[in-house]
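>>> From the sequence below, what's the structure:
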Amino acid sequence: MGGRIGRGAGAALALGIGIAVAAGGALAHNAEGETATTPGGKAALARHENFEKMGGAFKRLNDELRKGSPDKAVLVQSATQVKTLSDQLPTWFPRGSGQEARPKSEAKANIWTDAAGFTAAASNLRTQSAKLQQAAGAGDIDALKAQVRATGGACKGCHDKYRVQKDS
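The predicted structure follows:
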């Protein structure tokens, strides 16, 4: 038998691998090791990860703009990522994905009770992000800096109304 797995052991191994793969699909994980099994919990974790990506792209954009000679490729890539994520943002908030699904969620309940206001705030972010991407592509650093402020203001406007304040 040297090195061969018996038929029963092979079947058990295959079954174990199949269960592990299936279980992986049933859970959502984030970078902090949190897991979720409910649709709302999965959506809340995914939303958190997407906001982390957006914040990272915005930080790279700002860091690059502080340099004496910003790299246009970094500016365009970062602005494009902000735009792409802002376009997706409205889909990140399905009903049932608030604090009831993930207690750490910073989403206020008024996202769902004031859907028209939240939709308008998300639309403003998409508009400002499109202008951000356009300014980055044009390579006009002064216009880009002004649009970074406008885009950041759109983020802040939504955070002020629809996000639980973080303890500093």
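
>>> switch to C-alpha atoms for all contacts and neighbour counts from now on
Noted.

>>> Residue 40: neighbour count?
Close neighbours of residue 40, defined as other C-alpha atoms under 10 Å, add up to 20.

>>> In what element of secondary structure is it found?
Under the criterion DSSP states H and E, the helix or strand holding residue 40 is helix 39-65.

>>> What are the buried residues along that helix?
Going by neighbour count (16 or more other C-alpha atoms under 10 Å), the buried part of helix 39-65 is 39-48, 50-51, 54, 57-58, 60-62, 64-65.

>>> Show the contacting residues for the residue nearest the centre of the chain.
The residue lying closest to the centre of the chain (C-alpha atoms, centre = their mean) is residue 50, at 0.8 Å. For residue 50, the contacting residues are residue 85, taking C-alpha atoms under 8 Å, 6 or more residues apart in numbering as the criterion.

>>> what's the spacing between it and residue 86?
Distance, residue 50 to residue 86, by C-alpha to C-alpha, to the nearest Å: 10 Å.

>>> Same check on residue 78?
12 Å.

>>> With residue 92 instead?
Between residue 92 and residue 86 the computed distance is 10 Å (C-alpha to C-alpha).

>>> Looking at the two, which has the bigger crowd around it?
More neighbours surround residue 86 than the other of residue 92 and residue 86, with 24 against 16 (other C-alpha under 10 Å).
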